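Asks: how does the following fold in three dimensions:
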Amino acid sequence: MTQASLAQELVSVLRDPDPGARQLALTQIEDLSDPEILHPLIEAVRDEDPTVRALALGHLEDLGDPRAVPAILRALDDDETHVREAAATALRELRGAEAATHLIDAMRHDNPFVRMSVIVALREIRDPRALEHLEGALLDPSPEVRREAVLALAYLRRPETARALRGSLRDPDARVRQVAIGALEPLGAPALVEELVALLSDPDWRVRVEAAIVLGRSAHGLAAPHLRTALKDAAWQVRKEAALALGRLRAASAATDLVGLLGSELPDLRKAAAQALGELAAASAEAPLGRLLGDADVEVRKAASRALDAIRAGAGRHGTFARD
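Replies: Numbers count the residues shown, from 1 in each chain. Now for the predicted structure:
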C-alpha cells in the first residue's frame with residue numbers, strides 16, 4: 001500500500017462512527033513519513049472521543065510539524081486532563097521559527113495552563129524573539145506561570161535577563177522567589193549577596209534554604225556573619241544549609257557555633273556541622289568530633305571521622321577564610 005493510499009484509508013477510518021475503530025486506526029500507524037497524514041491527525045484532535053484526541057496528539061508529537069501548532073494549542077484547553085498533558089508534551093517537540101511565532105501569539109491566552117505549556121515549548125525552541133515575552137511572563141497574574149517563566153529564563157542562561165529576574169526575588173509567591181535564586185546564581189551570585197542575605201529572613205523556609213545554599217557558593221565573606229545567624233533559624237533545614245555554607249566559605253569565626261551544633265538532636269545537623277568543621281580544619285573541634293565517633297547514626301560517624309582526618313592532616317589550613 002502506498003503512502004498516499006495509507007493516508008486516504010486513515011481519513012476514511014477516522015470517520016467511522018465506532019470510536020474503537022478510530023482508536024485502533026491510530027494505534028496502527030507506524031510510518032509518519034507521508035506529509036499527507038498530517039491533516040487527518042489534526043482533524044482527529046477535534047474528535048469527540050478523548051482517547052482518539054490523545055492518540056492523534058502523540059503522533060503530532062512525533063511529527064513535530066509546526067503546522068500542527070494551532071491544533072495542539074486548542075487541545076491545551078481540552079476538558080480531559082490526559083489530553084491536555086498529551087498536547088503539552090507534543091508542544092515541547094516543536095522546533096523552528098514558524099512554531100515560535102504561533103507560540104508567542106499564544107502567550108496571551110486566558111488559560112494559565114496554556115501559557116505555562118507555551119513557555120516550556122519556547123524554552124526548548126530558543127527563539128531569541130521569545131526573550132521579551134518570557135520576561136513579560138514574570139509579571140503574569142498566575143504564580144505558576146511566573147515560576148515557569150523563571151525556570152525558562154534560567155534554562156536559557158542569557159545575562160541580559162538578569163535584571164528582570166532580580167525582580168522575581170521580591171515576588172509575592174514563595175516558590176517563585178525560591179526558583180529565582182537558583183536562576184540568578186549562574187548569572188553572577190557574588191553581585192547578589194546583599195539581596196540573598198535579605199532572603200535569609202524570608203517568611204518561607206524554602207526560600208531561606210535556597211538563599212543559604214547559594215550564599216555558600218558565592219565565595220563572599222560578607223555572607224558569613226549572616227549565615228552564622230541562620231544557624232539559629234527556626235527551620236532545621238535552614239540551619240543545616242547554613243552550616244554547610246559556612247564550611248564552603250571557610251568561615252573560621254563560625255567554628256564555635258558549629259561545634260555547638262554537634263550536640264543537636266537531629267542527625268542531619270550533627271552531620272552537617274561535622275562536615276563544615278572538617279572543611280575549616282578547626283583544631284578546636286577535635287575533641288567534640290571525637291565523641292561523635294560513637295554516634296548512633298552511621299552517617300554522622302562517617303562525617304566526624306572524615307572531619308578528624310582533615311583536621312589532623314591540616315587540610316584546608318592554606319585556604320582563604322572568609323572575613324566577618
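Asks: for Thr107, which residues are in contact?
Replies: Heads up, residue 107 is Met, not Thr. Met107 sits next to Arg115, Val118, Ile119, His133, Gly136, Ala137 when contact means C-beta atoms under 8 Å, 6 or more residues apart in numbering. For every residue, glycine as well, the C-beta is placed using N, CA and C.
Asks: let's see 6 Å
Replies: Neighbouring residues of Met107 by C-beta atoms under 6 Å, 6 or more residues apart in numbering: Val118, His133.
Asks: the one 4 residues further on now?
Replies: Taking C-beta under 6 Å, 6+ apart, we find Asn111 in contact with Asp77.
Asks: how near is it to Val150?
Replies: When distance is defined by C-beta to C-beta, to the nearest Å, Asn111 is 20 Å away from Val150.
Asks: just Ala219 next, same as before
Replies: Distance of Ala219 to Val150, given as C-beta to C-beta: 24 Å.
Asks: looking at the two, which one has more neighbours?
Replies: Taking other C-beta atoms under 10 Å, Ala219 and Val150 do not tie; Val150 has more neighbours (29 against 15).
Asks: quick check: that one touching Leu169?
Replies: No - at 10.0 Å, Val150 does not count as touching Leu169 under the criterion of C-beta atoms under 6 Å.
Asks: any common contacting residues for these two?
Replies: Ala180.
Asks: CA atoms only for whichever helix in the chain runs longest - export them in CSV, please.
Replies: In the chain, with assignment by DSSP state H, the single longest helix is helix 298-313. Presented in CSV, the C-alpha positions along helix 298-313 are these (Å, rounded to 0.1, in the frame of the first residue of the first chain):
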residue,chain,number,x,y,z
VAL,A,298,26.4,5.8,60.9
GLU,A,299,26.4,8.9,58.6
VAL,A,300,27.3,11.1,61.5
ARG,A,301,30.1,8.8,62.5
LYS,A,302,31.5,8.9,58.9
ALA,A,303,31.3,12.7,58.7
ALA,A,304,33.1,13.0,62.1
SER,A,305,35.8,10.6,61.0
ARG,A,306,36.4,12.5,57.8
ALA,A,307,36.5,15.8,59.6
LEU,A,308,39.0,14.5,62.1
ASP,A,309,41.2,13.2,59.2
ALA,A,310,41.1,16.6,57.6
ILE,A,311,42.0,18.4,60.9
ARG,A,312,44.9,16.0,61.6
ALA,A,313,46.2,16.3,58.1
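Asks: buried sites along that helix?
Replies: By neighbour count with 16 or more other C-beta atoms under 10 Å, helix 298-313 contains the buried residues Val300, Arg301, Lys302, Ala303, Ala304, Ser305, Ala307, Leu308, Ala310, Ile311.
Asks: got these as JSON lines, with distance to Ile37 and pLDDT columns?
Replies: Below are the buried residues of helix 298-313 laid out as JSON lines (distance: C-beta to C-beta, whole Å; pLDDT from 0 to 100):
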{"residue": "Val300", "distance to Ile37": "61", "pLDDT": "97"}
{"residue": "Arg301", "distance to Ile37": "63", "pLDDT": "97"}
{"residue": "Lys302", "distance to Ile37": "59", "pLDDT": "97"}
{"residue": "Ala303", "distance to Ile37": "59", "pLDDT": "97"}
{"residue": "Ala304", "distance to Ile37": "65", "pLDDT": "97"}
{"residue": "Ser305", "distance to Ile37": "64", "pLDDT": "97"}
{"residue": "Ala307", "distance to Ile37": "64", "pLDDT": "96"}
{"residue": "Leu308", "distance to Ile37": "68", "pLDDT": "95"}
{"residue": "Ala310", "distance to Ile37": "64", "pLDDT": "93"}
{"residue": "Ile311", "distance to Ile37": "69", "pLDDT": "93"}
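Asks: just the endpoints, please. Distance across stretch 183-196?
Replies: Length of stretch 183-196, first residue to last, C-alpha to C-alpha, to the nearest Å: 13 Å.
Asks: related to what we said a few turns ago, so how far is the longest helix of the chain from its chain's centroid?
Replies: Remark: helix 298-313 is offset 33 Å from the chain centroid, using C-alpha atoms, centre = their mean, to the nearest Å.
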